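**Student:** Quick one, what's the 3D model for this:
(chains A and B)
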Amino acid sequence: MTRPADLVQGTLDLLLLKIVALEPLHAWAISQRLKLVSSDVLQVSDGSLYPALHKLEQEGWVKAEWKVTENGRRAKFYSLTRAGRRALERETAIWERLAGAISLVVRLTEV
Amino acid sequence: MFESRSVRRLFLRLRSVFRRSSVDRELDEEFEFHIEQRITFEIRRGLSPEQARAVALRAMDGIEQRKEECRDMRRVNYIADMFQDLRYAGRALHRSPGFAALAIFILALGIGANTAVFTVVNAVLLKPLSYREPDRIVTLSDSTAGKVSTAISKQISIPDFDDWRAQSSSFESMAYYNAREVAVLAGSSAEYARVAPVSSEFFRVFGVEPIVGRQFTIDETKPGTTGAVMISYAYWQSHYGGDPRALGRTVRVLGVRSIVGILPPGFRFPDDTDLWVPIAVTGAAPQSRSAQNFRAVARLKPTVSVEQAQTEMTVIARRLAQTYPASNSGRGVIVARMQDEMVGDVKASLYLLLSAVGVVLLLACANTATLLLGKATARAREVAVRSALGAGRRRIVRQLITEGLLLALIAGAAGLLLAFWGSKALVAVAPGNLPRLADARIDRWVLVFTLGVSMLTNLLCAVVPALYASHVDVSETLKQSAARPSGRSGTIRVRRALVIAEVALAALLVCTAGLVTKSFLMLTDVPLGFRPENVLVMRATMPGAPAVAFPRARQFFRDVLSEAAALPGVVATGATMAPPGSLDSTGGYLVGPLPEKPDWTRAPSVVLSIVAPGTFNALGVPLKEGRDFNDGDAAERPFVAVVNETLVRQAFPDRNAIGRMIHCPFDSFQGMTIVGVVGDVRQRGLDRDPMPECYMPYTQHAFNGVTLSVVARTTGDPNAFAESFRRLAREKSPEVPMKFTTMEQSVSQGVAAPRFRALLFGIFAGLAICLAMAGIYGVMASAVGQRSNELGIRIALGATAGSVLRRILTEGLLLTAVGLGLGLAAAVAGTRLLTSVLFRVQPTDSIVYLGVAILIGTIALAASYIPARRASRIDPLILLRQE
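**Tutor:** As a prediction, the model looks like this:
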């Protein structure tokens, strides 16, 4: 199975929402952008990307439109909805609390 | 905002369902675009186009599966898949119609039997009473310490009731009533009708108002007044054709009355009452607290619970017991919800039946599960192909469960049809004392139940095979030859376990049926004390005020009896107040010369009856000593009595009763000389010991003498004589209502409940045996089929047909033995619950258990014999050629 085992459960949604929050993108571009901005640390397998996006669309957090790319191909562009923005804020807050807490724990000095 | 989001979601989902192809096209296009991008990307990194394509596809990890996941994410698949699965399931069932028909038949039997029994349970136990706020209606009944609780023992007295009412604060309204079948003359013809004398607040307790006319006025409910009657809707329709002018018409019922109101349809309380009259308590004679001849009902205040009311009434009863120790010591009050009180006696019986029929359903499920499992094994290849083509495991399980669902739903529909007839048959054979049985019909709760049972059935019988099938090892299965579907040892193990369970359940059910049937046989074996064959019973009442009616009644019965005796075919005649089985009146008795102040509260109980000369002979009650009554025992002569043997044993230690005195305050305290002793008759039902009885001549006792049952022993079918008796009675008096039955009918009604139980358990046990037999056969046949290679080799190597036959039979019997052991153990543990319905049979009756073991063993042997014989006839040559 090529599920992103290295991604903490549920963070894939957060990452995808954040990426499409910046600008509407098609799925391929989303995966490339994710790789780029995380300096190759975070990679989503091609296989698990689509079910995740379709789920976000069904939730109403992203909406999809067919547009023409710069090199003239039709592609499905995903963009954030207003509900998606609220979800993003919520998820970000949760993530920051979690990340902060984890950093606090791992930085404990041993005596 | 929120709406727009859900609207969009709904739109997406609908689009996916109804424009499936366009959605799929988009999905294809999106994936295609991705693959292209990937290929371009990889080529740019230096791979050849072929390599790039391979990498792109591998990165996707199964495009079809991914697309399926996307569809799953949209959750629309559930709906779309369901239709697809249903179509597919329909085709699958269509392809093997024999299998489908068998499975549907088995499940329909199970579901139908359950629905039929539930229909009755629903009507009798579950449906709320059809009165306003029925939960607030309670019954108040007497509970005297040390007295056996029966319908009669629960009755209450008016002085007690008046005190309850004055002292309690739990109730909004309280009423007392009783119910009788009395002679009614509406128009010109006399007939019996059920009449309920009721106290003033009776209708308020039930919250009913007349639909035509009015309630009783205060004046009409005052002591000593007569004149008003209210009638049921049914009586209004049948006797007045629903004419509103019925109001004000005259009816002769317990006096001359005019109709003041008509009650709404459906209100017939108590029992099937047609006429309600105000209870007219004569103010002159103070009522005795021992005259417990009434039943009481009340409506709780909205804020009061049954428990609170009970607490209050217990305090009041204790106070009354202190104030009136002679009559009320040890006397308590039970407050119960009317619905609970009504079904008290039959509840256990019905739940017993429901669980028995539940066991039948379990058996049907186990049976269908083995069938489906066999099917799943045979379809392993199909499943393997489908999963190779991209069907996920969950998808395959869902497909197989949908097939089960389709089976269960068709079976449910067929079961409903069976239940429609079955519940009618049940109502027809059910004992008449089941309350509200007439309401039994298939309503929406029954439909919900059937649907629920069908779903449960599906879950029970389809899930295990489905999970099994989904574990199919794709490459292994595809490699095996298509001609010989492999049986996996796993499914055979599960099927064996299922067969063991089937045998166990069947054994449990057959044991129960055996015990119940034996108990019924024991009951019918009890000596009745009389001969019920060929005895016609004609109940007749002389209407009118007692003072006028009694002399007329005496004349009427004397004439009818003397002329009836002369009818051809009539062997003997008599008349009695209480024919055997219809206990009417009990009281206390004392023997010998009475002391100065007799203590009647300590008098032992006796069944009282008044009879005409010749009655014992007509009924076949043996005269043991002395003489029967005769025409010489006239009103002005000294009082005489005939007693039964139980009374003699109880009252006269020297067994010498003839010529002694007995006192029963029936209608006079005057002593009676015992002139005869007769055999015991079981008055209170076959399962109770006989009580002391005292018979008095009808010529000497006016009280209750206006209603007697004429009994006539005939040479042929007694029903054939009813018409000549009717004509004879009409000749003597056109005002006398009559009702005919036979002694055999009333005896049979007395054992109706045990017969009903025995019959139903017998049917269920029969079904269980058939299902278990089919299960054993199925598993043995498929075991033989799968082992035909092994068996063929054995035969080729010199095993005789006999040894193969024995081998297979042993295997079948082994399965049966394990199941039988489990089932009998469960029966020993479970049938203890039956103790209350069993008569002279222990729940661990060894003969029944032995019988069950032999029966099920024989059936298992028969079921395994056919596959075993097939196994012993395997021709190794043909088998080897097939390889």
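
**Student:** Look at B:Met672 and report its pLDDT.
**Tutor:** pLDDT, B:Met672: 91.

**Student:** pretty sure it is in contact with B:His663, am I right?
**Tutor:** Yes - using Cβ atoms under 8 Å, B:Met672 is in contact with B:His663, at 7.4 Å. To be clear about C-beta, it is placed using only N, CA and C from the backbone, and glycine gets the same treatment.

**Student:** Can you give the domain ranges for chain B?
**Tutor:** Here the domain parsing of chain B from automatic domain parsing is B:2-75, B:77-132+B:346-483, B:146-329, B:487-527+B:748-883, B:544-736.

**Student:** Show me where the stretch 301-450 of chain B has its helices.
**Tutor:** Using DSSP state H, counting those that start in this stretch, the helices of the stretch 301-450 of chain B run over B:306-323, B:325-328, B:338-378, B:380-388, B:393-429, B:444-470.

**Student:** who wins for proximity to chain A among these?
**Tutor:** Chain A sits nearest to helix B:393-429 of all the helices of the stretch 301-450 of chain B, at 13.2 Å, using Cβ to the nearest Cβ.

**Student:** Taking their axis directions, that closest one and helix B:380-388 sit at what angle?
**Tutor:** Helix B:393-429 and helix B:380-388 are oriented at 130 degrees to each other (axes from the mean of the first three to the mean of the last three Cα atoms, to 10 degrees).

**Student:** hmm, back to that, same list (the helices of the stretch 301-450 of chain B) but as a markdown table, adding distance to B:Arg531 and mean neighbour count.
**Tutor:** Output for these, formatted as a markdown table (distance: least, Cβ to Cβ, whole Å; neighbours: other Cβ atoms under 10 Å in any protein chain shown):
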| stretch | distance to B:Arg531 | mean neighbour count |
| --- | --- | --- |
| helix B:306-323 | 46 | 16 |
| helix B:325-328 | 41 | 15 |
| helix B:338-378 | 29 | 21 |
| helix B:380-388 | 69 | 18 |
| helix B:393-429 | 26 | 20 |
| helix B:444-470 | 44 | 19 |
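
**Student:** Output these in CSV, with distance to chain A appended to each entry.
**Tutor:** Below are the helices of the stretch 301-450 of chain B laid out as CSV (distance: least, Cβ to the nearest Cβ, whole Å):
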stretch, distance to chain A
helix B:306-323, 50
helix B:325-328, 73
helix B:338-378, 27
helix B:380-388, 16
helix B:393-429, 13
helix B:444-470, 18
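
**Student:** quick one: which of these has the weakest pLDDT on average?
**Tutor:** Set side by side, those give their lowest mean pLDDT on helix B:380-388, at a mean of 72.

**Student:** Show me what it is packed up against.
**Tutor:** Judged by 3 or more Cβ pairs under 8 Å, 6 or more residues apart in numbering or on different chains; DSSP states H and E, helix B:380-388 is in contact with helix B:393-429, helix B:444-470, helix B:474-479.

**Student:** In chain A, which residue is most central in space?
**Tutor:** A:Leu16 (1.7 Å; Cα atoms, centre = their mean).

**Student:** tell me the phi and psi of that residue?
**Tutor:** Backbone torsions of A:Leu16, given as degrees, to the nearest 10, read phi -60, psi -40.

**Student:** Do you know the pLDDT at B:Val677?
**Tutor:** pLDDT, read off for B:Val677, is 95.

**Student:** gap between it and chain A?
**Tutor:** Using Cβ to the nearest Cβ, to the nearest Å, B:Val677 is found at 92 Å from chain A.

**Student:** can you confirm that residue is in a strand?
**Tutor:** Yes - B:Val677: assigned to a strand according to DSSP: H, G, I helix; E, B strand; the rest coil.

**Student:** ok, it - how many residues close by?
**Tutor:** Close neighbours of B:Val677, defined as other Cβ atoms under 10 Å in any protein chain shown, add up to 21.

**Student:** which residues touch it?
**Tutor:** B:Val677 makes contact with B:Leu623, B:Lys624, B:Glu625, B:Gly626, B:Val642, B:Val643, B:Asn644, B:Glu645, B:Val648, B:Ala657, B:Ile658 under the criterion Cβ atoms under 8 Å, 6 or more residues apart in numbering or on different chains.
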